[in-house]
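> Just to be clear, the model below is a prediction. Sequence and coordinates:
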Amino acid sequence: MRPKRRTPTADLIEVQAPVERAVLVGAPLDEEPEALVDEHLEELERLADTAGAEVAGVLIQRLDSPHPALYIGKGKAEQLRLLADRTDASLVIFDEDLSPAQGAALEKAIGRRVMDRTELILDIFALRARTAEASMQVELAQLQYMRPRLKRMWNHLSRIQGGIGMRGPGETQLETDRRLMDRRISWLRQELEHIARSRDTRRRRRRSEFRVALVGYTNAGKSSILKALSGADLFVEDRLFATLDSATRAVDLGAGYRALLTDTVGFIRKLPHHLVASFRATLEEARESDLLVHVVDAAAPGWDHQVEAVRQVLADLGIPDTGTLMVFNKTDQLTHAEEESLHARVSAEWRDNVFTSVVEPGGLDSLRQELLRRLRRLRPTVEVEIPVTDGRTLAEAYRVAEVLDRSDRDMKVVIRALVPAPVLGRWKARPGVRVQTVDAGPPD
């Protein structure tokens, strides 16, 4: 009998994608403060790390105005090429937005792939997109960014020179790609419009609820706050743009009240306008909410600049930030003196503010209490007469309103309650139900 062959065992080798080495380039204008330049480059380094790149070097050139051809000067471009050679970097990342012509000229001068801030952020969004909607939103933004740069992306193809009838394959493929890209952009827009209509239908169903939208700079802690308040199993990571998909969860505020909190995509300085446009439907949650909660990383050195960046994006979307509740998060990372100084500064600038910490016991109590106070303030106190035969309205009153007292008279149930405004509209249209607003405001 032939002996069985033994299958040799082999050591398992974990194969990982190679880490790309990158040189970061900052080209601030002369009037920009030094501290701000360092802060921006530190943020660019975190973006590069999130995208999976290893920072091999940093180059800075202050400018009166950008060079029309290379953005930086010719001498600095040569210095950049030598730095990339010395550090064995295969990628150069600019903190500024480059025109298609500038990107092509820089790649030719440096001999390396060049990426600007917008392309880097789009790449991170593509990496982080988890749902079909987020993937489509990112793809749409990427295609809109890539379309005017197609010629640069085809520079690896040799062009056949000649007269009529001798057009090269690069040119033919370029035109084909443009047509395919335009077709894909059109399809993505149609699909996202369909999703937006479905989202709007869901929003209409939730109008009787107290809706709160969390907005803020990326990594300010919005997802952590939502996870801690709701107890939901949400993905949280200490990285820029850890989550892109908006998540809505019910949060118990106590006293029989609840709110629907929505965590929106994080903002960042110079957020690409294509990306803002693509995520406009998702950010409609902020526009339609009863309250906007602006979460700020209180431990970030430049938190005031982050606040302005968020305000600018909200303004671009036509979302007013009046009446916004400012939430200064991560106070556990501050010293006692820093926290006192922050309290004094914030109180002088914003009347509506709370300070929170996800890691400290009771660190979110102030936010929960403020949300409850805001919810009660939005609900008018009314006296409602309901026929005893109308069990549906009576059951709804105990389910969605805060019933303060009740009496029974002449085959009617009379209640005094704090009722959401959309519910009042439905009740007024029902036969036999009488609604009268009470002059006294709701208790605080």
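Okay, I see it.
> so where is this protein shaky, pLDDT-wise?
The chain contains residues with pLDDT under 70 at 1-18, 151-172, 203, 206-207, 234-239, 242-245, 281-282, 439-444.
> show me where it has strands.
Using DSSP state E, the strands of the chain run over 20-26, 53-60, 91-94, 113-115, 210-216, 247-254, 257-263, 291-297, 325-329, 353-355, 381-387, 402-409, 412-418, 434-437.
> Just the C-alpha atoms of the second one, please, in PDB.
Meaning strand 53-60. Extracted C-alpha coordinates of strand 53-60, given in PDB (Å, rounded to 0.1, in the frame of the first residue of the first chain):
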ATOM      1  CA  ALA A  53       0.700  57.300   4.600                       C
ATOM      2  CA  GLU A  54       4.000  57.700   6.600                       C
ATOM      3  CA  VAL A  55       5.300  61.300   6.800                       C
ATOM      4  CA  ALA A  56       8.900  61.300   5.500                       C
ATOM      5  CA  GLY A  57       9.400  65.100   5.500                       C
ATOM      6  CA  VAL A  58       7.900  68.500   5.600                       C
ATOM      7  CA  LEU A  59       8.500  71.600   3.500                       C
ATOM      8  CA  ILE A  60       7.100  75.100   4.100                       C
END
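> how far is it from where the chain is centred?
What separates the centre of strand 53-60 from the centre of its chain is 26 Å, taken as Cα atoms, centre = their mean, to the nearest Å.
> What of the first one?
Relative to the centre of its chain, strand 20-26 is centred 25 Å away, using Cα atoms, centre = their mean.
> Could you check how many residues crowd around the closest residue to Tyr145 other than its chain neighbours?
Nearest non-adjacent residue to Tyr145, counting by Cβ to Cβ, 6 or more residues apart in numbering: His274, 5.4 Å away. No exception for glycine: its C-beta is placed from N, CA and C like everyone else's. Number of residues near His274 (other Cβ atoms under 10 Å) recorded here: 18.
> Likewise for the one 10 residues further on?
When neighbours are counted by other Cβ under 10 Å, Glu284 registers 19.
> wouldn't it be in contact with Asp200 here?
Yes. Counting by Cβ atoms under 8 Å, Asp200 is a contact partner of Glu284 at 7.5 Å.
> circling back: can you tell which of the strands of the chain is closest to Ser186?
Ser186 sits nearest to strand 113-115 of all those, at 26.9 Å, using Cβ to Cβ.
> picking that back up, how about the residue nearest to Tyr145, what does it touch?
118, 122, 140-142, 144-145 (Cβ atoms under 8 Å, 6 or more residues apart in numbering).
> same thing but 10 Å
Going by Cβ atoms under 10 Å, 6 or more residues apart in numbering, His274 touches 118, 122, 138, 140-146.
> and which of these is nearest to Ser224?
Comparing those against Ser224 with Cβ to Cβ places Val138 closest, at 23.2 Å.
> From Phe241, how far out is that closest one?
11 Å (Cβ to Cβ, to the nearest Å).
> Give me the common contacts of the two.
124-125, 127-129.
> can the residues you listed go into a markdown table with extra columns for distance to Tyr71?
Below are these laid out as a markdown table (distance: Cβ to Cβ, whole Å):
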| residue | distance to Tyr71 |
| --- | --- |
| Ile124 | 22 |
| Phe125 | 23 |
| Leu127 | 26 |
| Arg128 | 28 |
| Ala129 | 29 |
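> Centroid-nearest residue for the protein?
By Cα atoms, centre = their mean, the mean C-alpha position of the chain lies nearest to Val265, the distance being 1.8 Å.
> does that residue really touch Lys222, like I thought?
Yes. Contact criterion Cβ atoms under 10 Å: Val265 and Lys222 qualify, at 9.4 Å.
> Just flag the most distant two among the contacts of His274.
Longest span within these, Cβ to Cβ: Thr118 and Leu140, 14.1 Å.
> how close does the residue nearest to the centre of the chain sit to Arg130?
Val265 sits at a distance of 12 Å from Arg130 (criterion: Cβ to Cβ).
> now swap in Gln173 and tell me
The spacing between Gln173 and Arg130, counted by Cβ to Cβ, is 32 Å.
> Tell me if I'm right that Val384 and Gly432 touch.
No. Taking contacts as Cβ under 10 Å, Val384 lies outside contact range of Gly432: 11.1 Å.
> Need the nearest residue in space to Val310, chain neighbours excluded.
Nearest to Val310 is Phe267, by Cβ to Cβ, 6+ apart, at 4.8 Å.
> let me fix that: Thr118
Nearest non-adjacent residue to Thr118 (Cβ to Cβ, 6+ apart): Pro272, at 4.2 Å.
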